[in-house]
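> I'd like to go over a predicted model; first the sequence, then the structure.
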Amino acid sequence: MDVKMKSKFNNKGQVTIFIILAIVVVAVVFLFFMLRSQGIVPDIGGGKEINPESFLETCLKDKVREGLQMISEQGGSINPELNLKFKFQEEGYYKDISYLCYTESYYKPCINQNPVLINSMEDEIKDYISQDVEFCFDDLTTTLQDQGYVVEVRKKGFNVNLIPVEIRVDIDAEITLTKTDVSSIQDDFSFRIPSRIYELSSLAQEIVSQEARFCNFNYIGYMVFYPEYDIDKLKTSDSTIIYTLEYKGSVEKFRFAVKGCIIPII
């Protein structure tokens with residue numbers, strides 16, 4: 001092989017190497033900005049990466065589920081004012097079950113006690129987890145500081161929304177992270193938890209509406225048309241009706257009490 005041919009191959013090899021290096025640099029830069037856009041904080045010191053949004057979800061989701069279970073099995077309230085204390089034999093302990101429709105008058109339909117049931121449940125869950133939101137931000141800050149970040153947190157508030165198929169928690173906050181003179185800002189954290197509580201509480205509102213209008217709800221007929229629901233209707237000795245609603249395939253339930261159209265025993 002002559003010198004010119006050898007030089008030509010060397011030049012081609014150098015060009016190929018430069019092209020490969022350029023591709024690698026572009027890929028690294030793209031990956032860096034993609035991770036930042038997803039809220040993943042790369043630890044320059046070589047530690048484990050922290051995703052603030054995932055951190056907050058992991059920290060809070062069990063508390064959300066805990067509050068939701070307590071609220072939904074007591075008629076939408078943690079401490080219902082107008083309630084029936086009742087014990088189901090299979091559960092073995094008393095619960096304060098909220099009256100969502102109630103009257104003491106003979107022959108008269110019950111009166112809806114909570115016309116904005118879903119909104120009030122959202123507020124109940126929000127109150128239940130509010131202190132934990134503060135704790136979780138404190139834990140997140142400590143974890144990031146341990147990895148060498150200077151952390152500045154600005155919290156504005158958060159909301160809990162019950163929507164079809166899920167619960168959504170939106171946190172209005174901003175986190176500024178600084179390390180080796182490089183800063184990044186992350187904000188608007190959100191996570192979702194699969195749930196059928198919106199569907200169950202919507203059904204509860206429909207039942208209350210019919211009880212208030214007609215002193216009855218045809219739960220068997222409803223299940224024929226909507227077989228995804230299981231509805232149990234239990235009448236107590238004082239003519240209170242306890243409804244227990246379940247959505248097939250879900251472990252959640254919604255339970256509430258109704259007292260209306262009382263017929264005196266003569």
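Structure's in. What do you need? Numbers count the residues shown, from 1 in each chain.

> tell me how far the closest residue to Glu228 other than its chain neighbours lies from Glu199.
Sequence neighbours aside, Lys248 is the residue nearest to Glu228 in space, at 5.2 Å (criterion: Cβ to Cβ, 6 or more residues apart in numbering). All C-beta spots, glycine's among them, are computed from the backbone N, C-alpha and C. As judged by Cβ to Cβ, to the nearest Å, Lys248 and Glu199 stand 11 Å apart.

> same thing with Asn83?
For Asn83, the distance to Glu199 (Cβ to Cβ) stands at 24 Å.

> what is the neighbour count of Val64?
21 (other Cβ atoms under 10 Å).

> and Glu73, by the same measure?
Neighbourhood size, Glu73 [other Cβ under 10 Å]: 18.

> can you tell me the element Asp187 falls in?
Following DSSP states H and E, one finds Asp187 within strand 182-194.

> any idea how far that strand is from the middle of the chain?
Chain-centre distance of strand 182-194: 15 Å, with Cα atoms, centre = their mean, to the nearest Å.

> again with stretch 116-124
Distance of stretch 116-124 from the chain centroid (Cα atoms, centre = their mean) equals 13 Å.

> what's the angle from the host helix or strand of Val169 to strand 182-194?
For Val169, the host element (DSSP H and E) is strand 166-179. If you take axes from the mean of the first three to the mean of the last three Cα atoms, to 10 degrees, strand 166-179 sits at 170 degrees to strand 182-194.

> just checking: what are the partner strands of strand 166-179?
Strand 166-179 has the following strand partners under DSSP bridges: strand 150-163 (antiparallel), strand 182-194 (antiparallel).

> just put those strands in JSON lines and tack on mean neighbour count and distance to Leu100.
As requested, the strands paired with strand 166-179 are exported to JSON lines (neighbours: other Cβ atoms under 10 Å; distance: least, Cβ to Cβ, whole Å):
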{"stretch": "strand 150-163", "mean neighbour count": "15", "distance to Leu100": "16"}
{"stretch": "strand 182-194", "mean neighbour count": "14", "distance to Leu100": "24"}
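
> as a markdown table, the ones you listed with mean pLDDT and distance to Gln210 would be great.
Formatted as a markdown table, the strands paired with strand 166-179 follow (pLDDT from 0 to 100; distance: least, Cβ to Cβ, whole Å):
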| stretch | mean pLDDT | distance to Gln210 |
| --- | --- | --- |
| strand 150-163 | 96 | 22 |
| strand 182-194 | 94 | 29 |
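
> out of these, nearest to Phe254?
strand 150-163 (11.2 Å; Cβ to Cβ).

> who's in contact with the closest one?
64, 118, 121-123, 125-126, 129, 133, 137, 141, 144-145, 167-179, 195, 197-198, 201 (Cβ atoms under 8 Å, 6 or more residues apart in numbering).

> related to what we said a few turns ago, right, and the residue nearest to Glu228 touches Ile231 too?
No - if you go by Cβ atoms under 8 Å, Lys248 and Ile231 don't touch, sitting 11.3 Å apart.

> re the thing from before, can you select the buried ones from the contacts of strand 150-163 in ChimeraX?
The following ChimeraX line selects those of those that are buried, judged by 16 or more other Cβ atoms under 10 Å:
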select :64,118,121,122,125,126,129,133,137,141,144,167,169,171,173,175,177,179,195,197,198,201
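
> circling back to that earlier point, quick one: closest of the strands paired with strand 166-179 to Tyr226.
strand 150-163 (19.1 Å).

> please save the CA atoms from the closest one in PDB.
Output of strand 150-163 as PDB, limited to C-alpha atoms (Å, rounded to 0.1, in the frame of the first residue of the first chain):
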ATOM      1  CA  VAL A 150     -28.600  23.200  48.200                       C
ATOM      2  CA  VAL A 151     -32.400  23.000  48.300                       C
ATOM      3  CA  GLU A 152     -34.900  25.800  48.300                       C
ATOM      4  CA  VAL A 153     -38.600  24.800  48.500                       C
ATOM      5  CA  ARG A 154     -41.600  27.000  47.900                       C
ATOM      6  CA  LYS A 155     -45.000  25.400  48.700                       C
ATOM      7  CA  LYS A 156     -48.200  27.100  47.600                       C
ATOM      8  CA  GLY A 157     -50.700  24.400  48.300                       C
ATOM      9  CA  PHE A 158     -52.200  21.100  47.000                       C
ATOM     10  CA  ASN A 159     -55.500  19.600  45.900                       C
ATOM     11  CA  VAL A 160     -57.000  16.100  46.000                       C
ATOM     12  CA  ASN A 161     -59.400  15.300  43.200                       C
ATOM     13  CA  LEU A 162     -61.700  12.300  42.900                       C
ATOM     14  CA  ILE A 163     -62.200  11.500  39.200                       C
END
